[in-house]
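Participant: pasting the sequence and the predicted coordinates here, then a few questions.
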Amino acid sequence: MIGRKPERRILDELLQSNKAELLAIIGRRRVGKTYLIREHYTKDMVFEFTGTQHSDKRNQLKKFAQKLHEYRPGELRTAVPEDWAEAFIQLKIYLQNLPKTKRKPVVFFDELSWIASPRSGFLDEFGYWWNDWASRQNIVVVICGSAASWMIDKVVNHKGGLHNRITEYIHLQPFTLSETRQYIHSVNPAADNYQVLQLYMSVGGIPHYLQHIRKGESATQIINRLCFSKDGILRNEFNNLYAALYEGHERHVAVIKALATKWKGLTRKELIDLTGLSNGGGLTQILTELQAASFIMDIAPFGKKKRETLYRLVDEYSLFYLTFIDGKRAGKRDIWLQTSREQSYKIWRGYAFENICIKHVEAIKKDLGISGIHTEISGFRSMPDENGTDIQIDMLIDRADQCINLCEMKFYNDEWTLAKEDAEKLRRRRSRFLQISKTKKTVFNTVITTYGVHSNSHSQGQIDQFVTMDALFSLENFA
C-alpha cells in the first residue's frame, strides 16, 4: 500500500489493544477510505455493510440481510429484519457464534450517511448495540462516510447514545506530492518531479483518479485522456462529485464556482454578493462542509479581523474542471497539448502551484530549517496606495522566533530569472508590508519555485531564501 503510514499505525494499534474500539474515518469521495480499511483489515474483517445512496430503510434492511447471509452461507437465510433494532440483534447473534481465534474481529459500516437516513432509526439502534454489547467485546467497529461534515455532526459529535463513544478518529486526506510520486512510480517510474507536479495540479492526490494512469504516458497525455477524451473518467466527475456528498448540492456548487472566479480568494461578503446566498447559518454550514471535505480552505488575514478571512478553492480537480473542461466539447485530438501553450494555462498553473505550496507548507518549513518553530500561516491584502497599487501576499509564515517569511510562489519550466521590475515588486511589497503592519519582526522575502532562482544582480538584492519544488516532495502526509 502506498503511503498512509500514520493511518496504518492507528489501525494496527486498534487491533492490538485489549478492548473494544470504535473508529470513525472520514474523507472526501474517492480519497481511498474504503480501500484503506479493506486492505489493512483484509484478514480480520468478519462483516462489512455498505449503504446504498437514495435508498429507503426497507431496501437497506434487505441488503443488510443479504450481506449477513453471504458471511454465513451454510446456514438458513434469516428473515429480513423489520427494523434496525432487529438487524442488530441478528448481527450480535452472528458475531457471538464466530469461531474463536486469536485475531480481533473487525466490523465495517461504509457510507454511513446513506444507511442512517432521517427517521431510519439506524443511529439510535447502532448506539444501543454498541453501548449494550459491542463495547464490552474485544472487537473493532469501523464507521465510514464521504459526507465529512455529516459524520462529524451526527456521529463524532452525536448528542445521543454515541456521545463520546468514538475511541479513534481518522480524517483521510488526499495524497501529498510525495505519496503521489510513489503511486505514479509504481506504474510509470520514468516520471520526474516536474511531471508529477503537473499532474497533481490538475487532478490532485486522489487515488481513484491516479489509478487510471498508464505506463509511458507524459502528464500532458494523461490529462488529455482522462479529462478531454469522450470517455475520460474525469470528463463528468465534477457533476457527480458534489451531488454524491451533499443534499441540496447546488448551493455548494454555487460557492465552488464563485471561488473559481477569484483565484486569490473571496471574503464571506464577496461570496454572498456573487452567489446570492443569505448571510446566515446556511452559508456557514456550506463553508464548514466544503472545508471538512478539503475542497476549500480559509486563509486568516495577518493582523486583521476574522470577517476579512479569505476562502480559497484548493481542490485541484474542481479548479481545473471549471477552468478548462466545463462547457467545452470533448473528443478533439490533443486538445490539452494545444491548451497548455496558451496564456490561460500559464495563469492557471501559477495559482494551482500556489495552492500546492500552501498545502505543503510543512515541507517548506522543513527546507527553511524552521520545522521546530511554532508558526501561523496567514495572508495579507492591502488597500490601493495613492498610485492605485495594492499588494497581496498569498502565504505569510509568521514565526515565534520573531521572523516573518513573505512567500512568493512561481511556476516555471526553468530557473526563474528576475528582471528589474520583478526585483522592484519584491522590494515594494516588503516595504509596504512593513509600513502597514508596523511589525517589529525581521521580514524575509522567500521565493518558492520549480527549479530555483537564477542568480543575478536583481535576485541578490531582494531574495533572502528560495525553495525548489523538490523540497515539496519531502512531506509524507498532511497530518
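Facilitator: Noted; the coordinates are in hand.
Participant: mind listing the strands for the chain?
Facilitator: Under the criterion DSSP state E, the chain contains strands at 21-26, 45-50, 106-110, 140-145, 168-171, 296-299, 310-313, 375-381, 392-399, 403-410, 416-417, 442-449, 453-454, 465-468.
Participant: so which of these is the most packed in?
Facilitator: Of all those, strand 140-145 has the most neighbours on average by mean count of other C-beta atoms under 10 Å, namely a mean of 25. In short, each C-beta sits where N, CA and C put it, glycine included.
Participant: can the strands of the chain go into TSV with extra columns for mean pLDDT?
Facilitator: Below are those laid out as TSV (pLDDT from 0 to 100):
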stretch	mean pLDDT
strand 21-26	94
strand 45-50	96
strand 106-110	97
strand 140-145	94
strand 168-171	92
strand 296-299	94
strand 310-313	94
strand 375-381	92
strand 392-399	94
strand 403-410	96
strand 416-417	92
strand 442-449	96
strand 453-454	90
strand 465-468	94
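Participant: export those strands as a markdown table, with columns for distance to residue 160.
Facilitator: Converted to a markdown table, the strands of the chain look like this (distance: least, C-beta to C-beta, whole Å):
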| stretch | distance to residue 160 |
| --- | --- |
| strand 21-26 | 14 |
| strand 45-50 | 21 |
| strand 106-110 | 17 |
| strand 140-145 | 15 |
| strand 168-171 | 18 |
| strand 296-299 | 30 |
| strand 310-313 | 32 |
| strand 375-381 | 37 |
| strand 392-399 | 41 |
| strand 403-410 | 46 |
| strand 416-417 | 56 |
| strand 442-449 | 47 |
| strand 453-454 | 57 |
| strand 465-468 | 49 |
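Participant: residue ranges with poor pLDDT in the stretch 301-450 of the chain?
Facilitator: Flagging of the stretch 301-450 of the chain using pLDDT under 70 yields the residue ranges 305, 331-332, 388.
Participant: show me where it has helices.
Facilitator: 316-320, 335-339, 343-359, 361-368, 420-437 (DSSP state H, counting those that start in this stretch).
Participant: report all helices and strands that the longest one contacts.
Facilitator: So the one you mean is helix 420-437. Other helices and strands packing on helix 420-437, by 3 or more C-beta pairs under 8 Å, 6 or more residues apart in numbering; DSSP states H and E, are strand 403-410, strand 442-449, helix 457-462.
Participant: looking at those, which is closest to residue 328?
Facilitator: strand 403-410 (27.5 Å; C-beta to C-beta).
Participant: give me the contact list for the closest one.
Facilitator: Strand 403-410 has contacts (C-beta atoms under 8 Å, 6 or more residues apart in numbering) with 350, 353-354, 357, 364, 368, 380, 393-399, 416, 426, 429-430, 433, 439, 441-450, 465.
Participant: okay, now the unreliable bits of the stretch 51-200 of the chain?
Facilitator: Using pLDDT under 70, the stretch 51-200 of the chain drops low at 159, 161, 163.
Participant: let's go with 80 and repeat that
Facilitator: For the stretch 51-200 of the chain, the stretches flagged by pLDDT under 80 are 74-77, 147-150, 152-153, 156-164.
Participant: what segments of it are helices?
Facilitator: For the stretch 51-200 of the chain, the helices defined by DSSP H, counting those that start in this stretch cover 57-71, 84-96, 112-115, 122-132, 148-150, 177-185, 193-203.
Participant: mean neighbour count added to those, as JSON lines?
Facilitator: Output for these, formatted as JSON lines (neighbours: other C-beta atoms under 10 Å):
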{"stretch": "helix 57-71", "mean neighbour count": "16"}
{"stretch": "helix 84-96", "mean neighbour count": "17"}
{"stretch": "helix 112-115", "mean neighbour count": "22"}
{"stretch": "helix 122-132", "mean neighbour count": "18"}
{"stretch": "helix 148-150", "mean neighbour count": "22"}
{"stretch": "helix 177-185", "mean neighbour count": "20"}
{"stretch": "helix 193-203", "mean neighbour count": "22"}
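Participant: can you list those in JSON lines and add distance to residue 105?
Facilitator: Converted to JSON lines, the helices of the stretch 51-200 of the chain look like this (distance: least, C-beta to C-beta, whole Å):
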{"stretch": "helix 57-71", "distance to residue 105": "11"}
{"stretch": "helix 84-96", "distance to residue 105": "7"}
{"stretch": "helix 112-115", "distance to residue 105": "19"}
{"stretch": "helix 122-132", "distance to residue 105": "14"}
{"stretch": "helix 148-150", "distance to residue 105": "27"}
{"stretch": "helix 177-185", "distance to residue 105": "30"}
{"stretch": "helix 193-203", "distance to residue 105": "37"}
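Participant: how about the contacts made by residue 140?
Facilitator: If you count contacts by C-beta under 8 Å, 6+ apart, then residue 140 has 14, 15, 20, 21, 23, 41, 44, 104, 105, 106, 107 around it.
Participant: same thing but at 6 Å, please
Facilitator: Neighbouring residues of residue 140 by C-beta atoms under 6 Å, 6 or more residues apart in numbering: 14, 21, 104, 106.
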